[in-house]
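sequence-free structure coming up:
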């Protein structure tokens, strides 16, 4: 059952990525060439991170690489990892990869579609001993962000595949900060 859901999700994401350039790109028949300007760098490196000590320790890192297909559309992917620890109760480590499509309908807004696959390893202390759980978690996010400037956007994304008792995430809605270089 999970394999079928995973394959359906992968096919949906693949179709969206394949057709997103044709859906969102704008072309013009007029080409302007300025010999004094340099070619614009379309490859962007981004990095997300998190650090929290409220109720335990939470450290997360998420580098990504994006390619600007046009002024409005970017495609990319990345890796992510996190460590969460609640003293004498639970330790969780996750690592995985994601594929991202971003669309900017106007300069101030960014929409995103993100597919993430995470390997989750949890160790929980119980009165009867240690319990470990090792599984894969799949997420499909749609999101909206406000572009503070060309390099920073802040927003939230919603996990369409969220199931409360099966997901590593505590909520289907996650805030995000996207920083590119």
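That came through fine. What you see is a predicted model; the values in this text were computed from it and never measured.

How about the spatially most central residue of the chain: what's its closest non-neighbour residue?
In the chain, the residue lying closest to the centroid (CA atoms, centre = their mean) is residue 114, at 5.1 Å. Residue nearest to residue 114 in three dimensions, not counting chain neighbours: residue 141, with 4.3 Å by CB to CB, 6 or more residues apart in numbering. Any C-beta I mention is one placed from the backbone N, CA and C, and that applies to glycine too.

Can you name the residues bridging to that neighbour?
Beta-bridge pairing for residue 141 (DSSP bridges): residue 114, residue 159.

what does residue 110 give?
Bridge pairing for residue 110 - DSSP bridges - gives residue 145.

quick one on the thing from earlier: tell me how far the residue nearest to the centre of the chain lies from residue 172.
13 Å (CB to CB, to the nearest Å).

hmm, back to that, next one: the residue nearest to residue 114 from residue 71, what distance?
From residue 141 across to residue 71, the span is 23 Å (CB to CB).

picking that back up, wait, isn't the residue nearest to the centre of the chain in contact with residue 140?
Yes. In this structure, residue 114 is within contact of residue 140 by CB atoms under 8 Å, at 7.5 Å.

Settle this for me: the residue nearest to residue 114 is touching residue 174, isn't it.
Yes. The criterion here is CB under 8 Å, and residue 141 meets it with residue 174 at 7.4 Å.

contacting residues around stretch 170-181?
44-48, 66, 110, 141, 143, 145, 151-159, 162 (CB atoms under 8 Å, 6 or more residues apart in numbering).

Go again with 6 Å.
The contact list for stretch 170-181 (CB atoms under 6 Å, 6 or more residues apart in numbering) reads 44-47, 151-159, 162.

repeat for stretch 135-143
Contacts for stretch 135-143 (CB under 6 Å, 6+ apart): 6, 9, 112-120, 155, 157-161, 168.

Got a quick PyMOL command for the buried subset of these?
Buried residues among the contacts of stretch 135-143 (16 or more other CB atoms under 10 Å), as a PyMOL selection:
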select buried, resi 9+112+113+114+115+116+117+118+120+155+157+159+161+168
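
sorry, back to before: and the residue nearest to residue 114, how many residues sit next to it?
As a burial measure, residue 141 scores 23 neighbours (other CB atoms under 10 Å).

Also residue 143?
22.
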